[in-house]
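Participant: using only what follows, build the 3D model:
(chains A and B)
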2 protein chains.
Amino acid sequence: MAVALAERLLAADPRALARAISLVEEARPAAVELLQAVWSRTGRATVVGVTGAPGSGKSSLVDRLIAHYRTAGRRVGVVAVDPSSAFSGGAILGDRVRMQEHAGDPGVFIRSMATRGHLGGLARATNDGIDLLDAAGYDPILVETVGVGQDEIEVVRTADVVAVVLVPGMGDDIQAIKAGILEIADVFVLNKADREGADRLEADLVAALALAPASERAPRPPIFRTVAVRGEGVPELALGLEQCLARAGARRRGTRRRERAAARLEALLAEGLLARVRERVLAGGVLDDLVQQIADRTLDPYTAARRVLERVEVS
Amino acid sequence: MAVALAERLLAADPRALARAISLVEEARPAAVELLQAVWSRTGRATVVGVTGAPGSGKSSLVDRLIAHYRTAGRRVGVVAVDPSSAFSGGAILGDRVRMQEHAGDPGVFIRSMATRGHLGGLARATNDGIDLLDAAGYDPILVETVGVGQDEIEVVRTADVVAVVLVPGMGDDIQAIKAGILEIADVFVLNKADREGADRLEADLVAALALAPASERAPRPPIFRTVAVRGEGVPELALGLEQCLARAGARRRGTRRRERAAARLEALLAEGLLARVRERVLAGGVLDDLVQQIADRTLDPYTAARRVLERVEVS
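Facilitator: Alright, predicted model coming up:
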């Protein structure tokens, strides 16, 4: 089955792609075969990360970037990383609304990843999704995340180029620009730039960037102003992303891709190791017993973990 | 050293506590000894989770809750989970500003956790931090997170009671209330309730909650309105949190604590297993070789992971 699906995927059949992404989201065994089958056809697309806090207008910005790339004749893939659950229905609703705009355009494929896996599961599924879009010939691939959580930052920071979206008036404090996303930016976008406070935000941002050691970050990432809902500033931003990619060159691209490869391998190893330990050591109520003892404070978690780890042999 | 530090910690010496939390943040071996030494003295404090998007005014709300609990004579601990890095200086700056307000009050201890560990490292350090505050006699312990990332949701959802903070006018879309945080709320807080849009936000929230299967969520979590910067609605919220804890009773408390214990054990196992594999299988350039092959697309990550896992034996 995986082989047939792989063939349809490589032929850019959108239904095969949707099915394939569901397989990786659900971590099905067939997903592994599928990715192995298409692996040699991946690594070609440029991956553009777009991240920012909720309400920063990332989605509108991504929609305008899609339109921009479509005008240039490029087939655009979008992976939106979304920690929403099935309960809230957020991801699915969002998807539907956005897909309608591009309905009937086979040159656009948008998908939210809403897996609830732990310990790297979201990153694993998202990276798999990027590779599937890549194999299906979409280029560029935009990866959109809420960019406040650690996992989400991990996912986006290894994109070939990373745009961090900020917006004026998000709070009275510095929270909106402090959440660990400054240092991953290759490019900053001040969206909703027609709002009051845009100048102050830019000044705050420049001041925050000036705190970085000069050795680590030179030159300073460019700052673009946009009003995404009206499309203002979007062509300039797209050009800025291209220039950033060209300037950084093959060396940074190689570094980012090795970082992504390392993160993927680590996540797969963690998943695989935990699965094996659950099956061989923690089955038959052993896990429940340990957990109850920790919860009752009769056993500390470090001692519990050590006891389990003693049964693991690495040759 | 760990024993002496444990004694000072149990005697509520704030400098010992600060030192101890640094040890868990840095994942030092002494941190394990320390936690083992104080473990039997933990599990007493009530843990209150407060989560919401950046700009929702969580920090102001937490400050007001601190003042409320101080008036009642309680010693209050705060762990702010913050994915900021050393670069942005956000966590440290935020800490300083907030600590100044409570400077000289030994009944308040505030600490941001800004570790950059991967794969559960943040959750591990945060839970260790909670236990250290607990052992030092702080009660309640407020855990404040930005609540948009998956890791951060994992950290806060096993608190004894969870308050989700929403704010009017965060965006034109449903993003602000969709980020997977609805279902973890025991209590909702509409902060900045004097702003335009508060009624609409409450209506949207009630509509979103109505989508949940009745079996999973009955009764509906109460909704409180606050204007945290002026302290309005904060006593009512504090009372609501108490009532929620009393109503839920020992059974939910037990469930949450088992969930927290399970998450801790899993994170420690993942860290321990990966460390062992790194040391025994991936040392001496093996990891770099595998990563380079994955980046070059000559080896897929699943096959790479399988090769490593073949060398792990679980008895």
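
Participant: any weak-confidence spans in chain A?
Facilitator: Residues of chain A meeting the criterion pLDDT under 70: A:1, A:82-101, A:103, A:114-120, A:147-151, A:170-181, A:212-218.

Participant: could I get the full set of helices for it?
Facilitator: Assigned by DSSP state H, chain A shows helices spanning A:2-10, A:14-25, A:29-38, A:58-71, A:90-101, A:121-135, A:150-157, A:198-210, A:234-280, A:286-295, A:301-309.

Participant: what separation do you get for residue A:12 and chain B?
Facilitator: 19 Å (C-beta to the nearest C-beta, to the nearest Å). To be clear about C-beta, it is placed using only N, CA and C from the backbone, and glycine gets the same treatment.

Participant: quick one: contacts for that residue?
Facilitator: A:75, A:106, A:136-137 (C-beta atoms under 8 Å, 6 or more residues apart in numbering or on different chains).

Participant: of these, select the buried ones using a PyMOL command.
Facilitator: Buried subset of the contacts of residue A:12, written as a PyMOL selection, criterion 16 or more other C-beta atoms under 10 Å in any protein chain shown:
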select buried, chain A and resi 75+136
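
Participant: give me the number of residues near residue A:30?
Facilitator: 15 (other C-beta atoms under 10 Å in any protein chain shown).

Participant: for it, which non-adjacent residue is spatially closest?
Facilitator: Using C-beta to C-beta, 6 or more residues apart in numbering or on different chains and skipping the chain neighbours, the partner closest in space to residue A:30 is residue A:2 (5.0 Å).

Participant: same question for residue A:268.
Facilitator: residue B:305 (3.8 Å).

Participant: show me the contacts for the one you found.
Facilitator: Here residue B:305 is in contact with A:265, A:268-269, A:272 (criterion: C-beta under 8 Å, 6+ apart).

Participant: quick one: which of those residues is nearest to chain B?
Facilitator: Chain B lies nearest to residue A:268 out of those, by C-beta to the nearest C-beta, at 3.8 Å.

Participant: tell me the contacts of that closest one?
Facilitator: Counting by C-beta under 8 Å, 6+ apart, residue A:268 has contacts A:124, B:301-302, B:304-305.

Participant: right, and residue A:33 touches residue A:4 too?
Facilitator: No. If you go by C-beta atoms under 8 Å, residue A:33 and residue A:4 don't touch, sitting 11.0 Å apart.

Participant: follow-up on the earlier one: which among the contacts of residue A:12 gets closest to residue A:163?
Facilitator: residue A:75 (20.0 Å; C-beta to C-beta).

Participant: the residue nearest to residue A:30 touches residue A:24, doesn't it?
Facilitator: No. Contact between residue A:2 and residue A:24 fails when scored by C-beta under 8 Å: they sit 11.7 Å apart.

Participant: find residues that contact each of those two.
Facilitator: residue A:34.

Participant: between the two, which is the more surrounded one?
Facilitator: Between residue A:2 and residue A:24, residue A:24 has the larger neighbour count (other C-beta under 10 Å), namely 23 against 20.

Participant: what's that one in contact with, if anything?
Facilitator: A:31, A:34-35, A:125, A:128-129, A:132.

Participant: with distance to residue A:232 and neighbour count added, can I get the residues you listed in TSV?
Facilitator: Below are the contacts of residue A:24 laid out as TSV (distance: C-beta to C-beta, whole Å; neighbours: other C-beta atoms under 10 Å in any protein chain shown):
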residue	distance to residue A:232	neighbour count
A:31	41	22
A:34	41	26
A:35	39	24
A:125	34	25
A:128	35	25
A:129	30	25
A:132	33	29
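
Participant: which one of those residues sits closest to chain B?
Facilitator: For the contacts of residue A:24, the nearest to chain B is residue A:35 (6.1 Å; C-beta to the nearest C-beta).

Participant: contacts only, for the closest one.
Facilitator: A:24, A:128, A:131-132, B:300, B:302.

Participant: 7 Å - rerun?
Facilitator: When contacts are counted by C-beta atoms under 7 Å, 6 or more residues apart in numbering or on different chains, residue A:35 touches A:128, A:131, B:300, B:302.

Participant: could you pull up the contacting residues of the second one?
Facilitator: When contacts are counted by C-beta under 7 Å, 6+ apart, residue A:131 touches A:35, A:42.

Participant: residue A:152 and residue A:146 touch, don't they?
Facilitator: Yes. Residue A:152 lies in contact with residue A:146 (C-beta atoms under 7 Å); the separation is 5.7 Å.

Participant: who has more neighbours out of these two?
Facilitator: The neighbour comparison of residue A:152 against residue A:146 (other C-beta under 10 Å) goes to residue A:146, with 31 against 28.

Participant: just to revisit the earlier point, looking at the contacts of residue A:268, which is nearest residue B:260?
Facilitator: Once C-beta to C-beta is applied, the member of the contacts of residue A:268 that ends up nearest residue B:260 is residue A:124, at 23.9 Å.

Participant: the closest one contacts residue A:265, doesn't it?
Facilitator: No. Contact between residue A:124 and residue A:265 fails when scored by C-beta under 7 Å: they sit 10.3 Å apart.

Participant: now residue A:140: closest residue in space that isn't a chain neighbour?
Facilitator: residue A:46 is the one closest to residue A:140 (C-beta to C-beta, 6+ apart), at 4.6 Å.

Participant: quick check: the one you found vs residue A:263, distance?
Facilitator: 19 Å (C-beta to C-beta, to the nearest Å).

Participant: those two: which is more packed in?
Facilitator: Legend: neighbour count by other C-beta under 10 Å for residue A:46 and residue A:263, higher for residue A:263 (22 against 17).

Participant: dump the residue contacts of the more buried one.
Facilitator: A:123, A:154, A:158.

Participant: quick one on the thing from earlier: which one of the contacts of residue A:35 is nearest residue B:237?
Facilitator: Using C-beta to C-beta, the contacts of residue A:35 come closest to residue B:237 at residue A:128, 42.0 Å.

Participant: so what's the closest one closest to, chain neighbours aside?
Facilitator: Nearest to residue A:128 is residue A:24, by C-beta to C-beta, 6+ apart, at 3.9 Å.
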